[in-house]
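Q: give the three-dimensional model of this entry:
(chains A and B)
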Protein chains: 2
Amino acid sequence: MLAFPSGRMLWATYLVGAEFFLKGSEPDLPAVSTGSHIDAIPYSGKYDGVIGVLGAIEPINVLMRSGFKPIRSLEVIMFTSEEPTRYGISCLGSRLLAGSVSLAGALKQTVDNHNISFLDAAKSAGYAKNEDFSNVFLDDQNYSAFVELHIEQGPILENEGVSIGIVTAIAAPASIKVDFAGSGGHAGAVLMPQRNDAGLAAAELALAVEKHVLESGSMDTVGTVGILELHPGAINSIPSKSHLEIDTRDIDEKRRNNVIEKIHESAVAISKRRGVELLEFKIVNQDPPALSDESVIKAMESATQVLNLSRKKMISRAYHDSLFMARKAAMAMIFIPCYKGYSHKPEEYASPEDIANGVKVLVLTLANLSLIN
Amino acid sequence: MLAFPSGRMLWATYLVGAEFFLKGSEPDLPAVSTGSHIDAIPYSGKYDGVIGVLGAIEPINVLMRSGFKPIRSLEVIMFTSEEPTRYGISCLGSRLLAGSVSLAGALKQTVDNHNISFLDAAKSAGYAKNEDFSNVFLDDQNYSAFVELHIEQGPILENEGVSIGIVTAIAAPASIKVDFAGSGGHAGAVLMPQRNDAGLAAAELALAVEKHVLESGSMDTVGTVGILELHPGAINSIPSKSHLEIDTRDIDEKRRNNVIEKIHESAVAISKRRGVELLEFKIVNQDPPALSDESVIKAMESATQVLNLSRKKMISRAYHDSLFMARKAAMAMIFIPCYKGYSHKPEEYASPEDIANGVKVLVLTLANLSLIN
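A: The predicted model follows:
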């Protein structure tokens, strides 16, 4: 059983063993890493993330059995909390590994819906000893490259009959939390002119998000209100509070930030017009886009050529742990087709053949990158 | 200890004893009854309903101690489930007592959010022996009159400095459940033109409810979306389902039904325009308004005169168990002022003086009605 270099895997995985690590002939050189996540959103599918973890273990084993001797060590990473399900922060593990000082600070106060602190949860999972989360930051010498295998989560590869997508950039995501508060009251007794309905303010803002996104002028701008909650949530009560969570993304950071600014202006205007208080408009994260590294892209292109697989360079509109790993290593992603582009719902599916193709490309890409001295 | 006449209280209260029943000299005549409910919506106040139960017990005791001899018996009723909190059906107890055949049928299949059937819940509370709920229907000979003491739940009495409101009519309520379904998907990967967002359909319908209500042309029309839920409810998922519950009321039944019709038209139009499926548009209840009985109003007016209290005839925009009891007995309600008209929220408040005034009017009203042979 091989142990990982101390510390660096703390926030990513507690998997240790020969299946997840192949020692290079020059183990002091920055290693080549691959991996993804296995956590999920509610009512999701079972391919998002998972094939990038299981599909990363297989190449290590194949290379080991074949007697392949890498120069750089190869490592599998399983990131914690890629989805924001529990603590409301996406890519929590990779964000922290990538050295987010603000996240390391914020995590000290972060609790889940059951008031369990992040620190306690991390401790009970064997991830943290104390609350100095900055001790897990990677430095630039840990990894020379990072590669992630993932389903496309969109319909392009399937529609065009292409086997492999090579991701050249990851769209820039931002997430926003908004809270409105009004006076509430009885749904029968309070006449319409006396109302300041926090629920209708939320409904207006949700539609404003769609409007501003459509007005951006680019197909690459998207925006979503995935969470909209009313309080107290009774049919005969005027909502006294509402809570929205907004996700907006673009491959152009400036255009996306412009949409965020317009959403904020709308929130303020709605609040004034309806006499509803805008309790919070919080930009939870506003990440820059990531560009893939030419050296990793080339290794992938070479792999698809050897395997005689069709390929297409593309943008990832969904974001991934790779977005953050790109800050610490040369990064690119391998996409495979998924059924109708479905993701984040139970119908999500990728065929065994497509998964096998992705794993094969990953094997050759890792082998290639591990030999670059 | 006195037992209530078998059966009739089954759905209203299991309170038995001298404090809640005063036997008349002609106990076979239809009795005079008073009461309200003590259940609540989430995050509500503590006066709505409660003062009509506690405030109904006191008059029986006062009359008993004073040696008063009624002709008709006097009874206190505590209704179950006036609020729709648990089973989604408002005024469940009084609706059933009043002989709702459709409710008696529907209750056999009704379950709460924890999948506990209404029958099991009623059994465990000692309310039901079998699922023939129709055996609790009142007949026209059970009660000659029903009187309910309640906070106004609006600001009129407080604003005008009037002590007692005498309710001459109760506005006609209706409630509607709506479900939309779309394809959902990943908030990053699915481009805007490919979306059919069930959450935005819900937001549009909520605003349409407000629009149609405001266009009714009357201040007496109100409409509220108190419940709006998104599925799966994750920031990075396009909502694949949405659920709304709509409450709309008016003192004019035709005008209210016209608003419901327009809301339905909007739901269909939104569904078509957004490519979202309208899974359900269900009018859960659509009750006619109730008029108070002149004999009970006169008894109340006489009581306020004797007590030298200011009074005002008014409409109840909120609805009450009285709406349904009116189908089986001569009905009227006594309103008392409440702080700023607040109701269905923790700030709900009525002063001890105003409550005492209401109880005094109730004492004299019951005494008066109990002597009419």
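
Q: could you list the buried residues of the helix or strand where A:Ala356 lies?
A: Applying DSSP states H and E as the criterion places A:Ala356 in helix A:352-370. Using 16 or more other CB atoms under 10 Å in any protein chain shown as the test for burial, helix A:352-370 gives A:354-355, A:357-370. Just so you know, the C-beta spots here come from the backbone N, C-alpha and C atoms, and that holds for glycine as well.

Q: other SSEs contacting it?
A: Applying 3 or more CB pairs under 8 Å, 6 or more residues apart in numbering or on different chains; DSSP states H and E, one finds that helix A:352-370 makes contact with strand A:31-37, helix A:50-65, strand A:143-151, strand A:164-170, helix A:294-307, strand A:330-336.

Q: so for the third one, mean pLDDT?
A: Looking back up the chat, that one is strand A:143-151. In this model, strand A:143-151 has a mean pLDDT of 97.

Q: check the longest one too.
A: Confidence over helix A:50-65 (mean pLDDT, whole number) is 93.

Q: ok so, going back, can you list the helices and strands packed on helix A:352-370 in a markdown table and add distance to A:Ser183 and mean neighbour count?
A: Listed next are the helices and strands packed on helix A:352-370 as a markdown table, based on distance: least, CB to CB, whole Å; neighbours: other CB atoms under 10 Å in any protein chain shown:
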| stretch | distance to A:Ser183 | mean neighbour count |
| --- | --- | --- |
| strand A:31-37 | 43 | 28 |
| helix A:50-65 | 47 | 20 |
| strand A:143-151 | 47 | 27 |
| strand A:164-170 | 44 | 23 |
| helix A:294-307 | 56 | 18 |
| strand A:330-336 | 49 | 27 |
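
Q: so which of the ones you listed is nearest A:Ile246?
A: With respect to A:Ile246, and counting by CB to CB, the nearest of the helices and strands packed on helix A:352-370 is strand A:164-170 at 19.3 Å.

Q: who's in contact with the closest one?
A: Strand A:164-170 has contacts (CB atoms under 8 Å, 6 or more residues apart in numbering or on different chains) with A:152, A:156-157, A:251, A:289-292, A:297, A:300-301, A:304, A:309-316, A:319-320, A:322-323, A:326, A:332-336, A:357-358, A:361.

Q: repeat that with 7 Å
A: A:152, A:157, A:251, A:289-292, A:297, A:300-301, A:304, A:309-316, A:319-320, A:322-323, A:332-336, A:357-358, A:361 (CB atoms under 7 Å, 6 or more residues apart in numbering or on different chains).

Q: where does the stretch 201-350 of chain A come near chain B, residue by residue?
A: A:203-204, A:206-207, A:210, A:213-214, A:219, A:222, A:224-228, A:230, A:232-240, A:245, A:247, A:249, A:317-319, A:341-345 (CB under 7 Å from any CB of the partner chain).

Q: just the ones of the residues you listed in helices?
A: Counted as lying in helices by DSSP state H, out of those, are A:Ala203, A:Glu204, A:Ala206, A:Leu207, A:Glu210, A:Val213, A:Leu214.

Q: next, the buried residues of the helix or strand hosting A:Ala267.
A: Per DSSP H and E: A:Ala267 is located in helix A:253-274. Residues of helix A:253-274 classed as buried by neighbour count (16+ other CB under 10 Å): A:256-260, A:262-264, A:266-267, A:270-271, A:274.

Q: ok now that helix, how far from the chain's centre?
A: On the basis of CA atoms, centre = their mean, to the nearest Å, helix A:253-274 sits 24 Å off its chain's mean C-alpha point.

Q: what does that helix rub up against?
A: Contacts for helix A:253-274 (CB under 7 Å, 6+ apart): A:172, A:174, A:176, A:178, A:180, A:196-197, A:200-201, A:204-205, A:208-209, A:212-213, A:216, A:218, A:221, A:223, A:246, A:248-250, A:277-278, A:281, A:283, A:288-289.

Q: likewise stretch A:54-64?
A: A:19-20, A:22, A:34-35, A:74, A:76, A:149, A:355, A:358-359, A:362-363, A:366-367.

Q: and the furthest pair within these?
A: For these, the maximum inter-member distance is 21.1 Å, found between A:Leu22 and A:Ile355 (CB to CB).

Q: A:Val213 contacts B:Met192, correct?
A: Yes. Between A:Val213 and B:Met192 there is a contact under CB atoms under 7 Å: 6.2 Å.

Q: shared neighbours, those two?
A: Going by CB under 7 Å, 6+ apart, residues that sit against A:Val213 and also against B:Met192 are A:Val222.

Q: more crowded one of these two?
A: Comparing A:Val213 with B:Met192 by other CB atoms under 10 Å in any protein chain shown, the one with more neighbours is A:Val213, at 21 against 16.

Q: next to chain B, which bits of the stretch 51-200 of chain A? Give me the list.
A: A:84-85, A:90, A:153-154, A:171, A:173, A:175, A:184-189, A:191-192, A:199-200.

Q: run the last query once more with 6 Å
A: Counting by CB under 6 Å from any CB of the partner chain, the residues of the stretch 51-200 of chain A close to chain B are A:84, A:153-154, A:175, A:184, A:186-189, A:191-192, A:199-200.

Q: pLDDT (mean, whole number) over the helix holding A:Ala356?
A: Per-residue scores along helix A:352-370 average to 97.

Q: can you name the residues that contact A:Asp287?
A: A:Ala172, A:Pro173 (CB atoms under 6 Å, 6 or more residues apart in numbering or on different chains).
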